[in-house]
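> Quick one: sequence plus predicted model below, questions after.
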There are 2 protein chains.
Amino acid sequence: MTGDPVGMHRVLEPLGALPQAAERLDTDPLIRDDEVRVRVQRLNLDAASFRQLEHKHGGDGAAVRAEVLEIIGRRGKMHNPVTGSGGMLVGTVEEVGEGSPLGLAVGDVVATLVSLTLTPLVIEDGLVGWDGLSEQVPAAGYAILFGRSIGAKLPEDLPMPLALAVMDVCGAPALTERHVSRYAEPVVVVIGGAGKSGSLCLAAARRAGARRTLAVVPHQAEAALLEPTGLADQVLICDARDPVALRDAVAAAGGPADLTVVCVDVPGCEGGAILATATGGTVLFFSMATSFTAAALMAEGLGKACEMTIGNGFVPGHAELALKLVRSDERLLARFSR
Amino acid sequence: MTGDPVGMHRVLEPLGALPQAAERLDTDPLIRDDEVRVRVQRLNLDAASFRQLEHKHGGDGAAVRAEVLEIIGRRGKMHNPVTGSGGMLVGTVEEVGEGSPLGLAVGDVVATLVSLTLTPLVIEDGLVGWDGLSEQVPAAGYAILFGRSIGAKLPEDLPMPLALAVMDVCGAPALTERHVSRYAEPVVVVIGGAGKSGSLCLAAARRAGARRTLAVVPHQAEAALLEPTGLADQVLICDARDPVALRDAVAAAGGPADLTVVCVDVPGCEGGAILATATGGTVLFFSMATSFTAAALMAEGLGKACEMTIGNGFVPGHAELALKLVRSDERLLARFSR
């Protein structure tokens, strides 16, 4: 029997909800034709989720562990009800349905690039190997991937923590590449260029044909980190929440931008990003602190005919692209190894 | 002296804020080279703003009027501090700076298509002609347009209320047209197709070459309103907040959509819009109830490689396009005249 590609057949309650919105998922190990079962080796809890649990239990690791087990047991997925977030997992493919479109084979070591908040999960070892004191959770059990889930093979030539760090943010460089290629030799500005996601976007922009790449960072310490890597043609120290300062800094450095990529999780960057972008340009928002209404109203209020794109973390081939970028650039590799 | 194109030179406090975010604007009637001064005839208060004031004062029109005067006097703009919204105005061009790029001439009757929340405004008649009981405010005074403001000439062949209603939502059909033209004979779904903005988007989609247009409406009454107009090839009655129902209804009617346009101001439509859209398709969000994070996380969680665009209300030529659509379609004209 073939499942629903997004896993609706695994939703126990409320019926009709998407798996991510569901209260409880069906964790039956018997897979449907288009599903994959993964033997779990490790969970990476979302940072916000782990911090919430750690704080709630005053750093008592055993209590954190007990609550994680309770959540997974009750919901059939690691979906922190307070933060709404999950994380990702690493495991080995155990069984592949004949109709699975994921291209995985038994024995492949994979990371799930969809959130744990929608992944059916069973823990079988009581998490005995975990002290409850870090986001990295050694675990034994299994998880189910749907037809539309994303499981990426871990590369064998890179250390696992480095590969995971790259894969965690791999949607941003892939979408950046796609947007850069729509312009002829564009100027690309990356706000938050010194971060993981930002530095990958800078590398992706150059590879995709950007004429000039500008990185915006908040202070000298980040500039000192980024400048020696040469990932940006120029590093601008500027508060991205100050719209006119950002506009002027970008203009003075060869702007306005044809493409502005917002990679910092700080509220209030919409106006500056829009102002720093040329008419006919695009603002690509990856920051989860982006306000939809602020972006829409400000672009209209500023009379700026630019496109504004919500950063979709899924782009086909995104993990491969990000890993290729890191492999082909020693300075980026060093940045991620640190 | 030339002003800042977005009006930063008119911000009195806090310095560095954009005019929309500012507490107080400079209403000096002396215009800069790139500004335009408009003699005000009428304000159209934003519906949310008027409702808040009406409710606060228990329907006492004189008190509402006094508060509107107080806000405009204090802030130099009609920017309701509770709702954060403004409205638009109609007036006659009084003076045009030589460097103004707006293409307006003295005597033109214009509507401002940027919000009153960023438009310097002075009221000179104490709003004596207004009873404080409706959003339509007869007024005498002046307003300032910046280099980047948008002032559209009112057409002479259409009644003013009809023209204003069309211009109020003109960004949506213009952006719809642009996106339709990126696909070859696309299937276009408009969620909220019976509304003002939705019906214009349907007309724009067909004109731009859509192969098939589908309108989604919540109940039979709206379907009965829309069906006779022929604006959509098919009208689907479906709760857009139910993702699977929406996906299946669109699929059964010739979907998935290459372009899905979300025009209903109801929260929770992100998942359905994404699911109803084909891989490689685009979701265009015009609803101010759209959640940025819900859209981003759901697309990733659903493994759906689609583009998601924040509806920018400003597209060059948007008012002209919307008026042309209404003029060229009697049923649309009838829809807006009602």
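Thanks, I have it. Numbering: from 1, shown residues only, chains lettered A, B, ... in the order given.
> Tell me the helices and strands packed up against the strand or helix carrying residue A:224.
Residue A:224 is part of helix A:220-226, with elements assigned from DSSP states H and E. For helix A:220-226, the elements it packs on are strand A:212-217, strand A:234-237, judged by 3 or more Cβ pairs under 8 Å, 6 or more residues apart in numbering or on different chains; DSSP states H and E. In this view, the C-beta of every residue, glycine as well, is placed from N, C-alpha and C.
> Quick one: closest of those strands to residue B:185.
strand A:212-217 (37.2 Å; Cβ to Cβ).
> about what we covered before: can you tell me the average pLDDT over the helix holding residue A:224?
The average pLDDT for helix A:220-226 rounds to 96.
> Name the surrounding residues that touch it.
Under the contact criterion Cβ atoms under 8 Å, 6 or more residues apart in numbering or on different chains, helix A:220-226 has outside partners A:193-194, A:199, A:215, A:217, A:232, A:235, A:237.
> one more time with 10 Å
A:190, A:192-195, A:198-199, A:202, A:215-217, A:227, A:232, A:235-237, A:331, A:335, A:338 (Cβ atoms under 10 Å, 6 or more residues apart in numbering or on different chains).
> buried subset of these?
A:190, A:192-195, A:198-199, A:202, A:215-217, A:227, A:232, A:235-236, A:335 (16 or more other Cβ atoms under 10 Å in any protein chain shown).
> still on that earlier bit, take the helices and strands packed on helix A:220-226 and lay them out in TSV including mean pLDDT.
Shown next, in TSV, are the helices and strands packed on helix A:220-226 (pLDDT from 0 to 100):
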stretch	mean pLDDT
strand A:212-217	98
strand A:234-237	98
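> I'd like the ones you listed as CSV, with distance to chain B appended.
Listed next are the helices and strands packed on helix A:220-226 as CSV, based on distance: least, Cβ to the nearest Cβ, whole Å:
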stretch, distance to chain B
strand A:212-217, 17
strand A:234-237, 17
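> Could you point out which of those strands sits nearest residue B:88?
That would be strand A:212-217 among the helices and strands packed on helix A:220-226, by Cβ to Cβ, at 34.0 Å.
> Off-centre distance for the closest one?
Using Cα atoms, centre = their mean, to the nearest Å, the mean C-alpha position of strand A:212-217 is found 21 Å from that of the whole chain.
> re earlier: then the helix holding residue A:224 to PDB, C-alphas only?
What follows is helix A:220-226, C-alpha atoms only, in PDB (Å, rounded to 0.1, in the frame of the first residue of the first chain):
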ATOM      1  CA  GLN A 220      34.600  44.300  14.200                       C
ATOM      2  CA  ALA A 221      35.000  40.900  15.700                       C
ATOM      3  CA  GLU A 222      32.900  39.300  13.000                       C
ATOM      4  CA  ALA A 223      34.600  41.300  10.300                       C
ATOM      5  CA  ALA A 224      37.900  40.100  11.600                       C
ATOM      6  CA  LEU A 225      36.600  36.500  11.300                       C
ATOM      7  CA  LEU A 226      35.300  36.900   7.800                       C
END
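> gap between it and the chain center?
Worked out by Cα atoms, centre = their mean, helix A:220-226 lies 23 Å from the chain centre.
> in that helix, what's buried?
The neighbour-count check on helix A:220-226 (16+ other Cβ under 10 Å) flags A:222-223, A:225-226 as buried.
> For the residues you listed, work out which two are farthest apart.
Greatest spatial distance among the buried residues of helix A:220-226 (Cβ to Cβ): A:223 and A:225, at 7.2 Å.
> Once you drop chain neighbours, what's closest to the residue of the stretch 51-200 of chain A found nearest chain B?
Going by Cβ to the nearest Cβ, chain B is nearest to residue A:148 of the stretch 51-200 of chain A, at 3.8 Å. Using Cβ to Cβ, 6 or more residues apart in numbering or on different chains and skipping the chain neighbours, the partner closest in space to residue A:148 is residue B:303 (3.8 Å).
> What number of residues are in the vicinity of the one you found?
23 (other Cβ atoms under 10 Å in any protein chain shown).
> Hmm, residue A:146 and it touching each other?
Yes. Contact status for residue B:303 versus residue A:146: in contact at 8.1 Å, counting by Cβ atoms under 10 Å.
> All the helices of the stretch 51-200 of chain A, residue numbers only.
Using DSSP state H, counting those that start in this stretch, the helices found in the stretch 51-200 of chain A span residues A:61-75, A:160-168, A:171-180, A:196-207.
> is it possible to export these to a markdown table including distance to residue B:70?
Shown next, in a markdown table, are the helices of the stretch 51-200 of chain A (distance: least, Cβ to Cβ, whole Å):
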| stretch | distance to residue B:70 |
| --- | --- |
| helix A:61-75 | 52 |
| helix A:160-168 | 51 |
| helix A:171-180 | 46 |
| helix A:196-207 | 45 |
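> rank those helices by pLDDT, which is bottom?
helix A:160-168 (a mean of 86).
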